[in-house]
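# coordinates for the following, if possible.
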Amino acid sequence: MNLSRRLTLQLSTLAVACIVSGGAFAQAKEVTFAHQDMLVPLRLVMESGEVEKATGYKINWRMFNGGGDVIRAMASGDVQMGETGSSPLTAAASQGQDIKLFWISADIADAEALVARNGANINSMKDLASKKVATPFVSTAHYQLMAGMKMDGVDAKSVNVMNMRPPEIAAAWERGDIDATFIWDPVLSKIKGNGKVIATSGSIGKKGAPTFEGIVVNSKWAEANEPFMIAFVKALNRANEEYKATGKTWTADSAQTKAMAKWTKANPADVGPAMALYTFPTYAEQLSPTWLGGGAAKAMANTAAFLKEQGRVQEVKPDYSAFVTTTYVQKAMAAK
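Predicted coordinates for the structure are as follows:
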């Protein structure tokens, strides 16, 4: 084959590859979603299969142990959607990752807490000096631990803050290897029996460091799969409404409780009390200035400033609203 024909063939192959690549997001009715173990109504959507039935998409639900892991998986391209806390979300946005926050799955409120082991002589943040405190790094719990210590004048260098994922924290607590942990359920419920709550995400949030759990998506994938995004948001809202209407009546034997426990590995008896620590925003609340309408971006900006101060991110974006969208909630509401 002469050089001219070879070059023409290579260019033609490249052109076809570009076309295929550009349309791949829209053509493949399949998505990988990175979920965690928080006790939120999303688990009801996962169990029901309602989004799959409504859209014809195959959803690969993949379990991750922390928001940092979710964000890294999305950056690799292996995952298109995921749930993450405001701290890892902010870190990803600060690094320029092409993602959008489109749903607040929970106001964390009191659902994360700093718990000290009984007998560890810890009665306040100030008592953490020289202690071993575990938390998943770059998580909302980590952010609030560091923010809480700063607010109370505790030198972070005096505390042995250890990076552990939730299952590792549960095991370390069982062995007696750590003095305290800032963590969420289902681990939180397990350790409270041998410890006391020193501070919660709610108490620290009221001092100026609020946090939330959100659902994020690759921006380009979302644009290419808008009908799926609308159906997904409608399902999320349905699950929220189901919890608000019937959640207080759920027992350990209720189908909803069993679904929550199945996807999170929580003890069914802990599901109701743990979910009561969160608040789950309605459609209107999602769009309000508190959340997607401005508050989420503001919280991300404040979190970014703190993360930069801690050396976790290199720069703070001038405006985090570019990483938040109300489009899919608005269109889901219009499609009712």
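# A helix includes residue 170, no?
Yes. Counting by DSSP: H, G, I helix; E, B strand; the rest coil, residue 170 is located in a helix.
# how about it: what's its closest non-neighbour residue?
residue 187 (4.9 Å; CB to CB, 6 or more residues apart in numbering). Any C-beta I mention is one placed from the backbone N, CA and C, and that applies to glycine too.
# just give me the neighbour total for that neighbour.
For residue 187, the neighbour count with other CB atoms under 10 Å is 22.
# got the phi/psi numbers for it?
phi -60, psi -40 (degrees, to the nearest 10).
# look up how far residue 91 lies from the residue lying closest to residue 50 once chain neighbours are set aside.
Counting by CB to CB, 6+ apart, residue 235 is the residue found nearest to residue 50 once chain neighbours are left out, at 5.2 Å. Going from residue 235 to residue 91 by CB to CB, to the nearest Å gives 28 Å.
# over to residue 318?
According to CB to CB, residue 318 and residue 91 sit 17 Å apart.
# which one of the two has more residues nearby?
Neighbour tally, residue 318 and residue 91, criterion other CB under 10 Å: the higher count belongs to residue 91, 22 against 7.
# wait, isn't the more buried one in contact with residue 138?
Yes. Residue 91 lies in contact with residue 138 (CB atoms under 8 Å); the separation is 5.6 Å.
# what's the overlap in contacts for the two?
Residues within reach of residue 91 and of residue 138 at once, by CB atoms under 8 Å, 6 or more residues apart in numbering, are 68, 312.
# tell me the secondary structure for the nearest residue to residue 168 once chain neighbours are set aside?
Distances taken as CB to CB, 6+ apart put residue 134 closest to residue 168, at 7.6 Å, once the chain neighbours are dropped. Using three-state DSSP, the structure places residue 134 in strand.
# so what's residue 134 bridging to?
residue 162, residue 181 (DSSP bridges).
# dump the residue contacts of it.
161-164, 168-169, 172-173, 178, 180-183.
# can you give me the strands in the stretch 51-200 of the chain?
Under the criterion DSSP state E, counting those that start in this stretch, strands of the stretch 51-200 of the chain are mapped to 58-63, 81-85, 99-107, 112-117, 132-135, 160-163, 180-184, 195-200.
# surely residue 80 is in contact with residue 30?
No. With contact defined as CB under 8 Å, residue 80 does not reach residue 30; the gap is 9.1 Å.
# and these two? which has more neighbours close in?
Neighbours were counted for residue 80 and for residue 30 using other CB under 10 Å; residue 80 has more, 25 against 10.
# apart from its chain neighbours, what residue comes closest to the more buried one?
residue 221 (4.5 Å).
# doesn't the one you found lie inside a helix?
Yes. Counting by three-state DSSP, residue 221 falls inside a helix.
# ok so residue 241 is a helix residue?
Yes. Assessed with three-state DSSP, residue 241 lies in a helix.
# okay, now residue 37: neighbour count?
If you count neighbours by other CB under 10 Å, residue 37 ends up with 20.
# tell me, how many residues neighbour the closest residue to it other than its chain neighbours?
Leaving aside its chain neighbours, residue 37 sits nearest to residue 264 (4.3 Å; criterion: CB to CB, 6+ apart). Applying other CB under 10 Å, we find 21 residues neighbouring residue 264.
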